[in-house]
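# Build me a structure from this.
(chains A, B, C and D)
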2 protein chains.
Amino acid sequence: MKNPKEAAHKATGHTQRGQCSKRLSILDAAAEVFCREGFAGASIDEIAAEACVSRQTIYNHYREKETLFTAVVEDVTNRTNSSLFSILATFPDKPDNLEDDLSTFALGLTKNCLCNQDGKFLRKLVQSEGERYPQLFEGWRKHGPGKIGTALAALFARLSYGGVLQIDDFDLAARQFLALVNADLQMITLFGETPSDEELENAARNAVRTFLRAYSAPVVNIAAPAPLAKAVG
Amino acid sequence: MKNPKEAAHKATGHTQRGQCSKRLSILDAAAEVFCREGFAGASIDEIAAEACVSRQTIYNHYREKETLFTAVVEDVTNRTNSSLFSILATFPDKPDNLEDDLSTFALGLTKNCLCNQDGKFLRKLVQSEGERYPQLFEGWRKHGPGKIGTALAALFARLSYGGVLQIDDFDLAARQFLALVNADLQMITLFGETPSDEELENAARNAVRTFLRAYSAPVVNIAAPAPLAKAVG
DNA sequence: GTCAAACTAGACACCATTGTCTAAAACGTC
DNA sequence: GACGTTTTAGACAATGGTGTCTAGTTTGAC
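Below is the predicted model of the structure:
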């Protein structure tokens, strides 16, 4: 990193007075380094340098490396959770145009939870350190992004009962929706580059289209005679 | 690990004479440890213990840790590749029952490529070390499991031209197929436990069902009068 | 300006790990 | 059984990271 001071400030944009600003710098830098190097590969010195803070300051705030790590995880999880809630609130309960509305929702989900820095951090860390820190995985599932699944299932259930969708297994549908949304992204997100807005929009649209082809309720076509459906089914 | 000697043999089941057996033991153990601990977290001593081999033997075969790591990656990639080819050969070109046949295919894919020890290793390592070893990611994409996508796209194209499926974008369909197959598995695979055969079968079946609802060509129903389709479309 | 708290820089002991080296042991072949 | 190769166990220096300590500096509040 060429200019760590700049980077640290860029990340959060805070210029509050001392103590709080330092904490945030440390958390930001630690998230970055842990994500890039993994727990074992990350060194306190590296984090200190990236946060523009002396090593001792880190030890003052967080007794040891492990403490810092869990603090970072908690911090990122909280942030992700709150943005998750606001995204879920935009789910189209009474959709005007189902495809458009669901696509917008999916886009918000990817942009703010799945595909941003925090989302990447959690995904990578749960994957790489999940075996060594089971509580990390559990936390992700119960109190973090893992909740999206069940929340989405409930929302889809409402749409299904409303006759807009035709779903047997809501949990399954929710998992598949998320899987489809991620289908195009996994490739893009895996390495460093951030996907462009256009790529994200396409990914969301593609996912929703396929999802709807699989799960939208049969259209009661105004032109077609209804009775025939019985003979076909 | 309670009984490393047993574990090492269990993994490959080889009892060849000395030198070759040692190499394999080392590769097996190294894969296991690298996968569990990541590159930085894995220690040569740990690998040596798990392979029931002295540390020096490892240094004799592979000059340094990095060499060992790339050898392991290459080994696992090759193994995965060959099983991938045999699985792709089972793709239902002339499906009898499309859902059943595709489900069987999907099951083979998950069991032998995506969900087994090798698949897990590559996925984890590409994810956690991909940023530090770009050639790892490139290798995965070009010479490893990353090829599944394009191969599947070609196979789906054949089915589509044959009128069995109705697909616009073959690459997209292939990615979505894989995403759906993984939808149920990601949860299961992430932590240690190996999914049961039943879980795998269900996952495959669920994925295929949804995929076919989205992409199967409209059925020319024997009972329904064909001409009406025009009026509806 | 004073004071206490927070921060810094550097030195430090401690430990784990890498990679080398050596002498002895095991192995396979003839 | 003798010979060369492979393997082993252990000692070893070098390195790099953790976490502590200290003495000096900055910072903010009053």
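
# From residue A:21, how far off is the closest residue to residue A:144 other than its chain neighbours?
Closest residue in space to residue A:144, ignoring its immediate chain neighbours: residue A:77 at 4.6 Å, by Cβ to Cβ, 6 or more residues apart in numbering or on different chains. Just so you know, the C-beta spots here come from the backbone N, C-alpha and C atoms, and that holds for glycine as well. Counting by Cβ to Cβ, to the nearest Å, the separation of residue A:77 from residue A:21 is 22 Å.

# Which one's more surrounded, those two?
In this view residue A:77 and residue A:21 are compared by other Cβ atoms under 10 Å in any protein chain shown, and residue A:77 has more residues nearby, 20 against 16.

# Residue A:125 is in contact with that one, correct?
No. At 10.2 Å, residue A:77 does not count as touching residue A:125 under the criterion of Cβ atoms under 8 Å.

# returning to that earlier point: could you pull up phi and psi at the residue nearest to residue A:144?
Here is the backbone geometry of residue A:77 (degrees, to the nearest 10): phi -60, psi -50.

# Who are the contact partners of it?
Contacts for residue A:77 (Cβ atoms under 8 Å, 6 or more residues apart in numbering or on different chains) come out as A:122, A:139, A:140, A:143, A:144.

# Check pLDDT for the residues you listed and point me to the minimum.
pLDDT across these is lowest for residue A:144, at 79.

# What residues does that one make contact with?
Contacts of residue A:144 (Cβ under 8 Å, 6+ apart): A:77, A:80, A:81, A:122.

# Those in helices, which ones?
Using DSSP state H, the subset of the contacts of residue A:144 located in helices is A:77, A:80, A:81, A:122.

# Might one say that residue A:83 is in contact with residue A:112?
Yes. Assessed by Cβ under 8 Å, residue A:83 is found in contact with residue A:112 at 4.7 Å.

# Give me the distance between the residue nearest to residue A:144 and residue A:23.
17 Å.

# just residue A:136 next, same as before
Residue A:136 is 21 Å from residue A:23, by Cβ to Cβ.

# between the two, which one's more packed in?
Neighbour tally, residue A:136 and residue A:23, criterion other Cβ under 10 Å: the higher count belongs to residue A:136, 22 against 18.

# Pull the contacting residues for that one.
A:73, A:125, A:126, A:129, A:130.

# let's see it at 6 Å
A:129, A:130 (Cβ atoms under 6 Å, 6 or more residues apart in numbering or on different chains).

# What is the subsequent helix or strand relative to the helix or strand harbouring it?
With secondary structure defined by DSSP states H and E, residue A:136 is part of helix A:134-143. Going down the chain from helix A:134-143, the next helix or strand is helix A:147-161, by DSSP H and E.

# Over that next one, what's the mean pLDDT, rounded is fine.
94.

# Identify all contacting residues around the helix or strand just after it.
Downstream of helix A:147-161, the next assigned helix or strand under DSSP H and E is helix A:170-190. With contacts defined as Cβ under 6 Å, 6+ apart, helix A:170-190 is touched by A:106, A:115, A:149, A:152-153, A:156-157, A:167, A:195, A:203, A:207, A:210-211, B:130, B:175-176, B:179-180, B:183, B:206, B:210.

# Distance of the closest residue in space to residue A:107 that isn't next to it in sequence relative to chain B?
Distances taken as Cβ to Cβ, 6+ apart put residue A:204 closest to residue A:107, at 4.2 Å, once the chain neighbours are dropped. Residue A:204 is 13 Å from chain B, where distance means Cβ to the nearest Cβ, to the nearest Å.

# Quick check: residue A:55 vs DNA strand D, distance?
6 Å (Cβ to the nearest atom of the strand, to the nearest Å).

# Equivalent analysis for residue A:99, please.
From residue A:99 to DNA strand D the distance is 49 Å (Cβ to the nearest atom of the strand).

# Contacts for whichever strand or helix holds that residue, please.
Assigned by DSSP H and E, residue A:99 falls within helix A:98-109. Where contact means Cβ under 6 Å, 6+ apart, the residues beyond helix A:98-109 that reach it are A:87, A:90, A:91, A:92, A:95, A:181, A:201, A:204, A:205, A:207, A:208, A:212.

# still on that earlier bit, tell me the angle the helix holding residue A:136 makes with helix B:170-190.
Counting by axes from the mean of the first three to the mean of the last three Cα atoms, to 10 degrees, helix A:134-143 points 120 degrees away from the direction of helix B:170-190.

# tell me which residues of helix A:134-143 are tucked away?
In terms of neighbour count (16 or more other Cβ atoms under 10 Å in any protein chain shown), helix A:134-143 has its buried residues at A:136, A:137, A:139, A:140, A:141.

# got a markdown table for the residues you listed, with distance to residue A:33 too?
Shown next, in a markdown table, are the buried residues of helix A:134-143 (distance: Cβ to Cβ, whole Å):
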| residue | distance to residue A:33 |
| --- | --- |
| A:136 | 17 |
| A:137 | 21 |
| A:139 | 20 |
| A:140 | 20 |
| A:141 | 25 |
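
# export the residues you listed to TSV and tack on distance to DNA strand C?
Shown next, in TSV, are the buried residues of helix A:134-143 (distance: Cβ to the nearest atom of the strand, whole Å):
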residue	distance to DNA strand C
A:136	20
A:137	23
A:139	26
A:140	26
A:141	29
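
# farthest-separated two in these?
A:136 and A:141 (9.8 Å; Cβ to Cβ).

# Can you pull out the low-pLDDT segments for chain A?
A:1-19, A:187-192, A:219-233 (pLDDT under 70).

# what do you get if the cut-off is 80, keeping everything else the same?
Within chain A, the stretches with pLDDT under 80 are A:1-20, A:144-145, A:186-194, A:218-233.

# and it, which residues reach DNA strand C?
A:18, A:19, A:22, A:52, A:53, A:54, A:55, A:56, A:57, A:60, A:61 (Cβ under 7 Å from any atom of the strand).
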